[in-house]
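Engineer: I would like to see how this sequence folds:
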Amino acid sequence: MSRHPVCLVLAAVLAMAGCAPRMVAPEFAVETAAPYQLASGDRLRVIVFGQDNLSNVYAVDGSGRISMPLIGAVEVQGRTTQQLERAIEAKLRGGYLREPKVSVEVDAYRPFFVLGEVTNSGQFPFVNGMTVQTAVAIAGGFTPRGQRNYAEVTRLMDGQLVTGTVPVTYPVRPGDTIVIKERWF
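Structural biologist: Have a look, this model is predicted:
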């Protein structure tokens with residue numbers, strides 16, 4: 001019995017598998033609806049109502065903190081803007097202001113990174129509503145050998161870096177690293 005037909009069928013199946021659409025990595029499927037968590041590289045506008053000397057734009061440092069007058073360092077890493085508002089209010093209530101009202105908004109998100117088969121790899125400013133495809137466009141587009149259907153995205157989730165394969169329509173978050181792989185043909 002000849003093995004050539006079996007080998008040809010196996011080669012055809014493997015070639016077709018390479019063309020199959022990629023599914024979103026399971027760990028990324030739930031994460032898209034999660035509230036934005038602050039981290040190093042973000043710039044925050046903090047407004048303490050009635051206290052112009054405390055209201056300012058603060059950069060989150062490498063240790064995930066901001067430093068404010070009167071209350072000093074405030075842990076920011078992993079918190080949402082609403083959680084940070086409550087934390088700042090609690091610190092100000094501890095002997096500085098009677099009933100502080102604080103508003104926190106993101107002034108500038110941390111950058112994202114695009115690597116691999118794109119015209120200009122590098123670091124870029126984040127824009128709300130981005131997908132992998134728009135991130136690639138910001139990086140100058142795909143090279144002729146760039147894989148145009150999916151990408152690898154590395155994201156910080158619950159304090160750990162997680163990498164998954166996602167379609168080019170997948171939403172990008174601040175701090176993501178996108179890698180465009182080389183296609184075979």
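
Engineer: how many other residues sit next to Glu85?
Structural biologist: For Glu85, the neighbour count with other C-beta atoms under 10 Å is 19. Just so you know, the C-beta spots here come from the backbone N, C-alpha and C atoms, and that holds for glycine as well.

Engineer: how near is it to Gly122?
Structural biologist: 34 Å (C-beta to C-beta, to the nearest Å).

Engineer: quick one, what contacts Val76?
Structural biologist: By C-beta atoms under 8 Å, 6 or more residues apart in numbering, the contact set of Val76 is Leu38, Ala39, Asp42, Leu44, Val60, Gly64, Arg65, Ile66, Leu84.

Engineer: mind putting those residues in a markdown table, neighbour count and secondary structure included?
Structural biologist: What follows is the contacts of Val76, written out as a markdown table (neighbours: other C-beta atoms under 10 Å; DSSP: H, G, I helix; E, B strand; the rest coil):
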| residue | neighbour count | secondary structure |
| --- | --- | --- |
| Leu38 | 24 | coil |
| Ala39 | 17 | coil |
| Asp42 | 24 | coil |
| Leu44 | 20 | strand |
| Val60 | 21 | coil |
| Gly64 | 18 | coil |
| Arg65 | 16 | strand |
| Ile66 | 24 | strand |
| Leu84 | 20 | helix |
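
Engineer: Can I get those in JSON lines including pLDDT and distance to Arg145?
Structural biologist: Supplementary listing: these in JSON lines, determined by pLDDT from 0 to 100; distance: C-beta to C-beta, whole Å:
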{"residue": "Leu38", "pLDDT": "93", "distance to Arg145": "37"}
{"residue": "Ala39", "pLDDT": "92", "distance to Arg145": "33"}
{"residue": "Asp42", "pLDDT": "96", "distance to Arg145": "34"}
{"residue": "Leu44", "pLDDT": "97", "distance to Arg145": "40"}
{"residue": "Val60", "pLDDT": "96", "distance to Arg145": "37"}
{"residue": "Gly64", "pLDDT": "94", "distance to Arg145": "38"}
{"residue": "Arg65", "pLDDT": "96", "distance to Arg145": "43"}
{"residue": "Ile66", "pLDDT": "97", "distance to Arg145": "43"}
{"residue": "Leu84", "pLDDT": "97", "distance to Arg145": "44"}
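
Engineer: so which of those comes closest to Gly129?
Structural biologist: The nearest member of these to Gly129, counting by C-beta to C-beta, is Asp42 at 17.4 Å.
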